[in-house]
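Q: Next input, structure requested:
(2 chains, ligands or ions: 2)
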Amino acid sequence: MATRTSAGAAWGRVAYSHLDRTFAVVEYEVRKLQHDPSELLLRAVQPALWLVVFGEVLNQVHLIPTGGVSYIEFLAPGILAQSVMFIAIFYGIASIRERELGIAYKLIVSPALRISLVTGKALSASVRGLSQAIIVYLLAVGLGVHPNLSPLAILGVLIAVVLGSMLFATLSMIIASLVKTQERFLGIGQLMTMPLFFASSAIYPLSLMPAWLRPIALANPLTYLVEAARTLMIPGEVGLAPLWVDFSVLVGVTALFLVVQSRLYPRMAQ
Amino acid sequence: MEPLVAEALTRRFGRLTAVDQLTFRVHDAEIYGMLGPNGAGKTTTIKMLTTLLPPTSGTASVVGFDIARQPGKVRASIGYVPQMISADPQVTGYDNLRLFARLYQVPRAEREARIASALAFMGLTNVGDALVRTYSGGMIRRLEIAGAMLHRPKMLFMDEPTVGLDPLAREAVWSQIERLRKEQSTSIVITTHYMEEAERLCDRLAIMHRGSMVAEGSPAQLKATLPTPNATLDDVFAHYAGGEMETGGGFRETFRTRRTAIRLE
Ligand SMILES: Nc1ncnc2c1ncn2[C@@H]1O[C@H](COP(=O)(O)OP(=O)(O)OP(=O)(O)O)[C@@H](O)[C@H]1O
Ligand SMILES: [Mg+2]
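A: Ligands and ions are numbered 1, 2, ... in the order given. Predicted coordinates:
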């Protein structure tokens, strides 16, 4: 019995040391944002345009059938998910910068497990995602949306935002590890964002999509972020699938991407 | 036990053999220099020894651990100052050190004291809270060395530690490297292009040329191998590396090397 507890304690210490390194990376990235928060403010412009201009116009004309809720209520969680994806999908540019300087070398040569480093980076991307979520909530309320304000619903949205940010930021870092240069990275990033956005249920329901697009939208992780946010944020909205499906997809794909990126990350120092 | 033993270490990139059958040892608390023209394979050797790059063939043990079989243990016992700028300009010097103190698991109770003493050792106490973006090239290098010594590694690898620094800044870095060896008995491998640096700092030197080691010994021993009386290290270098300062290093490498020389803003 005694040996088992001490083995357990040793295991706990090891797990704690890896987690502590993950949080060291998070704390460091947050410092960076504190020194230069301008990006966060600039990033608020795009969701504002989508909601205020696009949303308000389509809200008037009733072109898109959105069941019992108004179009703007339907759209708000979609724009939340979209802005979380947009800010995360270019996160890999920071890894490329870290490679062009020698910072990546020092991270990779440290005794931290690659998965700890990569998870730390992905988690810090979610700080940016959360700032976007807050902005979209405020904008939506300003436009007359009555989001579900129960603590559980808000917590659920925040968790979905953290997962979605991690998922797309890790995908972005995977691309960065593969292409290694800014030019190629930006090209691919721009090529990916619009298809991911339009092949999701962010701005119209799946039922309006042509038959060939629907399976693509169902394979698109953004759809599950949109659906989770929509179910949790808008009273009376029910997503395509139960919430546990949305969250399982987000957790599963994020975990897969983290494992892939922890294998690819050492390339940034070769 | 010798802190570094490399046996027939080899690395190929496609058809290019960047490092060819390199065999050498570094003794305890020794400063060992690798001198060679651009493209000689110095950085590639350091990357293999620090576990960043797997060797194509050959083996090495660093502080008693095999670089291929025990990379985690190697990483925990060494410090590394890359050729390129590796301090983050977007945060303060202190923030840079704090990250590495945690990644290397410097115990929480000691962390602040160690960071403060590393900053003091490198003469950076009053700029610790300034953004690295505002540092000079010499301050950046000293910050990087401070970061590499935080966890008191037994062995330190420095890739061209004084490239692009003015003579005063260079002198400051040299004297800190010497103190580090003297006060903490750290074994140190440095690479350099500068004869003056090799002569001043290194107990022993390896002259690298096109991936191979063409001569090894103390500066005095190397000079004595030449028939000319009063030979200088420049003569030694010209003799063994064929006077060739340029054997490689395309635009990209030159760009990188030069960039370490400029301020970040
Ligand atoms: N990742 C890589 N892929 C292909 N070739 C490489 C790679 N890294 C280095 N090389 C080549 O290997 C050779 C040795 O390079 P290395 O960087 O080790 O030289 P070096 O002695 O450090 O030169 P410098 O003094 O310019 O830093 C060069 O010809 C270089 O172009
Ligand atoms: Mg080099």
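Q: For chain B, which residues are neighbours of ligand 2?
A: B:Lys42, B:Thr43, B:Gln83 (Cβ under 5 Å from the ion). Where C-beta positions appear, they are placed from N, C-alpha and C, glycine not excepted.
Q: Output the residues you listed in JSON lines; the columns should cover secondary structure.
A: Shown next, in JSON lines, are the residues of chain B next to ligand 2 (DSSP: H, G, I helix; E, B strand; the rest coil):
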{"residue": "B:Lys42", "secondary structure": "helix"}
{"residue": "B:Thr43", "secondary structure": "helix"}
{"residue": "B:Gln83", "secondary structure": "coil"}
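Q: Tell me if I'm right that B:Ala29 and B:Glu183 touch.
A: No. Here B:Ala29 does not reach B:Glu183: they are 10.5 Å apart, not a contact under Cβ atoms under 8 Å.
Q: out of those two, which sits in the more crowded spot?
A: Ranked by neighbour count (other Cβ atoms under 10 Å in any protein chain shown), B:Ala29 and B:Glu183 place B:Ala29 first, with 15 against 9.
Q: residue contacts, that one?
A: Listed by Cβ atoms under 8 Å, 6 or more residues apart in numbering or on different chains, the contact set of B:Ala29 reads B:Arg181, B:Ser185, B:Thr186, B:Ser187.
Q: Which of those residues fall within strands?
A: Within the contacts of B:Ala29, membership in strands is found for B:Ser187, as judged by DSSP state E.
Q: Buried only: go through the contacts of B:Ala29 for me.
A: For the contacts of B:Ala29, a burial check counting by 16 or more other Cβ atoms under 10 Å in any protein chain shown picks out B:Arg181, B:Thr186, B:Ser187.
Q: Please name the bridge partners of the last one.
A: It stands for B:Ser187. B:Ser187 has these beta-bridge partners by DSSP bridges: B:Met155.
Q: residues contacting it?
A: B:Ser187 touches B:3-4, B:26-32, B:154-156, B:181, counting by Cβ under 8 Å, 6+ apart.
Q: run the last query once more with 7 Å
A: B:Ser187 is in contact with B:Pro3, B:Leu4, B:Val26, B:Asp28, B:Ala29, B:Glu30, B:Lys154, B:Met155, counting by Cβ atoms under 7 Å, 6 or more residues apart in numbering or on different chains.
Q: Would you reformat those as JSON lines and include pLDDT and secondary structure?
A: Listed next are the contacts of B:Ser187 as JSON lines, based on pLDDT from 0 to 100; DSSP: H, G, I helix; E, B strand; the rest coil:
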{"residue": "B:Pro3", "pLDDT": "96", "secondary structure": "coil"}
{"residue": "B:Leu4", "pLDDT": "98", "secondary structure": "strand"}
{"residue": "B:Val26", "pLDDT": "98", "secondary structure": "strand"}
{"residue": "B:Asp28", "pLDDT": "96", "secondary structure": "coil"}
{"residue": "B:Ala29", "pLDDT": "95", "secondary structure": "coil"}
{"residue": "B:Glu30", "pLDDT": "97", "secondary structure": "coil"}
{"residue": "B:Lys154", "pLDDT": "95", "secondary structure": "coil"}
{"residue": "B:Met155", "pLDDT": "97", "secondary structure": "strand"}
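Q: In PyMOL, how would I select the buried members of the residues you listed?
A: In PyMOL, this line selects whichever of these come out buried by 16+ other Cβ under 10 Å:
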select buried, chain B and resi 3+4+26+30+154+155
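Q: for chain A, what spans make up the helices?
A: Taking DSSP state H to define them, one finds helices in chain A at A:2-35, A:38-42, A:45-49, A:56-61, A:71-89, A:92-100, A:103-108, A:114-142, A:151-179, A:182-198, A:213-219, A:221-233, A:243-264.
Q: picking that back up, got any residues that touch both of B:Ala29 and B:Glu183?
A: Counting by Cβ under 7 Å, 6+ apart, nothing touches both B:Ala29 and B:Glu183.
Q: before we move on, back to that, can you list the contacts of B:Ala29 in a markdown table and add distance to B:Ala8 and pLDDT?
A: Output for the contacts of B:Ala29, formatted as a markdown table (distance: Cβ to Cβ, whole Å; pLDDT from 0 to 100):
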| residue | distance to B:Ala8 | pLDDT |
| --- | --- | --- |
| B:Arg181 | 28 | 93 |
| B:Ser185 | 28 | 93 |
| B:Thr186 | 26 | 95 |
| B:Ser187 | 21 | 97 |
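Q: out of the contacts of B:Ala29, which one sits closest to ligand 1?
A: Among the contacts of B:Ala29, B:Ser187 lies closest to ligand 1 (Cβ to the nearest ligand atom), at 20.3 Å.
Q: Next one: the closest one from chain A, what distance?
A: Distance of B:Ser187 to chain A, computed by Cβ to the nearest Cβ, to the nearest Å: 17 Å.
Q: residues in contact with A:Val226?
A: A:Pro77, A:Gly78, A:Ala81, A:Ser200, A:Ser201, A:Ala202.
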